[in-house]
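Engineer: from the sequence below, what's the structure:
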Amino acid sequence: MNARHLEHGTEDLCSVGTDLYEQALHQGRLPAAAAEAAPCLLALGLLRPALDDPTRVEPVAPVVALHRLLRSSGERIAGERRREARLAETFGSLMRIAGPHPTADGTPTIQLLTGTEGINQAITDAMADASEELITVQPRTGLTGERGQAADAASLGRDQAALDRGCHIRTLYPHTLRHFPVIVARCERLKGDVQIRTLDEVPDRLILIDRTVAFIPVGEDGKLALEIRHSAILDHLAVTFDRLWRLATPMYPEAAPQPSHNGITPRQRAIAALLTEGHTDAVIADRLGMNIRTARVHIAKLAATLGSQSRAQLGFLIARSGILDQDH
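Structural biologist: Okay, here's the model as predicted:
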């Protein structure tokens, strides 16, 4: 092998490693010394010592290796989300001590908003100047009852006023909300350049207005939020949204069908992925924006489709079925 192996991250597979792994797949086994040319293969779990001959190595099946690496990637993402939540909580209290940090025109770059009414008023004030683009991530449908109806009406009015000024709106929802009456009615009532896409799982709520101000929640009770006007943070939020947007499935104005695989729906595939990570029913429901009863119904259907008799067996059957290796 002529190419020289270079150091790289454990999440990458270099060209030297790719060539050697392909050779191992074709030949079945390789001398253990050959693996020294690409140590990343052992680190990534793509090669392993042969049980009956320690002087040789054999390849791990690509589908098994890919599933393991994707699960590791998912764990890292979940860890980063927990880290973001801890940082937001920690720095929220620190910012209350330090006070606001103003921009050149005197406007604070980051400030903590308290109370539902105060947060909604700040969003309404910022939306009054919107003229280009409104970007939102909505993991849940919002409040119910009379308060929910009032909040929906206020949000609808703000959005329509922005559309009338020439704004275009892009929103990400989780797949589970595609057919919610509130979402469908919103699509029908808004007139203008509105686009909606969905993902199996979306981040926490985000409102980004003209890429000049953003609002994100702090904590889980909806009574604290950050108003952000720091350009570097706004750019980061916009880039992150754009990447998620490219991965998402169009819902409105033209919906793309969600294909099933061997009787497994996209929603059940999303649940299956979280089950293999060891999450409880409550966590799965929260992550996918559904109530726990609905989550349990889908888990039961998934178990019936795969022929599982227990929760432990279900995880094994999910891994063996290959449903998590399908593009969707």
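
Engineer: quick one: low-confidence residue ranges for the stretch 201-328 of the chain.
Structural biologist: 257-262, 325-328 (pLDDT under 70).

Engineer: same thing but at 90, please
Structural biologist: The model of the stretch 201-328 of the chain has pLDDT under 90 over residues 201-204, 218-223, 243-244, 246-328.

Engineer: all helices of the stretch 151-300 of the chain, in order?
Structural biologist: For the stretch 151-300 of the chain, the helices defined by DSSP state H, counting those that start in this stretch occupy 181-189, 231-247, 266-276, 281-287, 292-306.

Engineer: can you say which of these is packed in most?
Structural biologist: Of those, the one with the most neighbours on average (mean count of other C-beta atoms under 10 Å) is helix 266-276, at a mean of 22. The way it works is simple: take the backbone N, C-alpha and C, and place the C-beta from them, glycine included.

Engineer: contacting residues around A214?
Structural biologist: Shown in contact with A214 (C-beta atoms under 8 Å, 6 or more residues apart in numbering): L206, I207, L208, E227, I228, I233, L234, L237.

Engineer: 7 Å instead, please
Structural biologist: L206, I207, L208, I228, L234, L237 (C-beta atoms under 7 Å, 6 or more residues apart in numbering).

Engineer: related to what we said a few turns ago, out of the helices of the stretch 151-300 of the chain, which comes closest to T124?
Structural biologist: Closest to T124 of the helices of the stretch 151-300 of the chain is helix 181-189 (C-beta to C-beta; 17.4 Å).

Engineer: need phi/psi at the residue nearest to A38 when sequence neighbours are not counted.
Structural biologist: In space, and not counting its chain neighbours, A38 is closest to G17: 4.0 Å by C-beta to C-beta, 6 or more residues apart in numbering. G17 adopts backbone torsions of phi -60, psi -40, taken as degrees, to the nearest 10.

Engineer: which one of the contacts of A214 is nearest R296?
Structural biologist: When the contacts of A214 are ranked by distance to R296 (C-beta to C-beta), L206 comes first, at 29.0 Å.

Engineer: didn't that closest one look like it was pressed against P139?
Structural biologist: No. Between L206 and P139 there is no contact under C-beta atoms under 7 Å: 9.4 Å.

Engineer: these two touch, right, L20 and P39?
Structural biologist: No. At 10.4 Å, L20 and P39 do not qualify as touching, with contact defined as C-beta under 7 Å.

Engineer: look at those two and report which has more neighbours.
Structural biologist: Set L20 next to P39 and count neighbours by other C-beta atoms under 10 Å: L20 wins out with 25 against 14.
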